[in-house]
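**Student:** Test case, fold it:
(chains A and B)
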Amino acid sequence: MAVPTVESPRSGRVSPAYSRTRSSRGNFEMGAWLFMRLSGVVLVVMIFVHLWTSLVAGDGISQVDFGFVAGKWASPVWQVWDLVLLWLAMLHGTNGVRTIINDYAEKNSTRMWLKGVLYTATVVIILLGTLVIFTFDPCPVIDGVAHVASYCPTA
Amino acid sequence: MPKTPAGTLYRGREGQWSWVAHRITGVVIFFFLLVHVLDTSLVRVSPEAYDAVIAAYKNPIMGLGELGLVGAIVFHAFNGLRVIAVDFWKKGPRYHRQMLWGVVGLWALTMLAFSIRHLSVVFGGH
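**Tutor:** Residues are numbered from 1 along each chain as shown, chains lettered A, B, ... in the order given. From the prediction side, this is the model:
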């Protein structure tokens, strides 16, 4: 008669019934934790450059107007810079606020509602910002009137 | 029945208060980010609409608000690097307190320099 054997916990072949991480979410929370640190390092560098170019260099805040944005986005480098900044900052911020909601909202329904609002805002803002960067026109014609600027062709 | 017993206070000192400050500055920055994407999106409405709203950022009260915002960002950035050091550097947990004073010191220096630059633009009358 065969003696029934129980696998050693370290055999790597533990029955799913005894697994401590049962959910299919897998390592989502660990991934989120790691994302905060990786994106954080990138964001420190990118946001400091962003603040330097708009608030310190040149004439500081007083230089910021439509022409300033047009000048920046004339270069694909700044387009990509701002696009990466938008996505990383929004995802980093959304995950941070998600953590705070999970910590302080005790009722299940409250948590679901708050996170629903949060995720909706995140999707809207990321899509809006991405569209704006890619469809930006430095010399728009609005109601038949062309925008007048030194960098625009004179018709 | 209250869920938490009355009269208790967790006295976590530097570690706890830097955690609180990290949360508060993070939320402040996040809400500004939402507004910032919305105001920048006005470049797709018209140059006049964008310039009109951005003009609001140039008055002295908003100038002080920007100083506060940059202060929040700089703290969150430096303290975030400290959190990473605590998590990944072998001696991080042992020196977390000293690192916090480093964060506060660097923050003060950065903000001193930025205040001189930014306030001279905001109040200097360009």
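
**Student:** residues contacting residue 72?
**Tutor:** All of this refers to chain A. Contact analysis of A:Lys72 by C-beta atoms under 8 Å, 6 or more residues apart in numbering or on different chains lists A:Thr53, A:Trp78, A:Asp82. C-betas here are computed from N, CA, C, even on glycine.

**Student:** Sorry, I should have been clearer: chain B.
**Tutor:** B:Thr25, B:Val28, B:Ile29.

**Student:** Thought B:Phe78 was touching the first one, still the case?
**Tutor:** No. Using C-beta atoms under 8 Å, B:Thr25 and B:Phe78 do not qualify as a contacting pair, with a distance of 10.6 Å.

**Student:** Leaving out the residues flanking it, which one is nearest to B:Gln16?
**Tutor:** By the measure of C-beta to C-beta, 6 or more residues apart in numbering or on different chains, the closest residue to B:Gln16 outside its immediate chain neighbours is B:Tyr10, 6.7 Å from it.

**Student:** Quick check: next helix or strand after the helix or strand harbouring B:Phe31?
**Tutor:** Taking DSSP states H and E as the definition, one finds B:Phe31 inside helix B:13-41. Counting by DSSP H and E, the element after helix B:13-41 in chain order, helix or strand, is helix B:47-56.

**Student:** Could you check how far the helix or strand that that following helix is followed by is from the centre of its chain?
**Tutor:** Counting by DSSP H and E, the next helix or strand C-terminal to helix B:47-56 is helix B:60-88. In terms of C-alpha atoms, centre = their mean, to the nearest Å, the centre of helix B:60-88 is found 3 Å from the chain centre.

**Student:** burial measure for A:Ile101, as a count.
**Tutor:** 17 (other C-beta atoms under 10 Å in any protein chain shown).

**Student:** If you drop the residues flanking it in sequence, what lies closest to it?
**Tutor:** Closest to A:Ile101 by C-beta to C-beta, 6+ apart is A:Leu114, at 4.7 Å.

**Student:** Show the low-confidence segments of the chain, by residue range.
**Tutor:** No chain in the question, so chain A it is. Applying pLDDT under 70 to chain A picks out residues A:1, A:7-16, A:18-26, A:154-155.

**Student:** not quite, I wanted chain B
**Tutor:** For chain B, the ranges with pLDDT under 70 are B:1-5, B:7, B:125-126.
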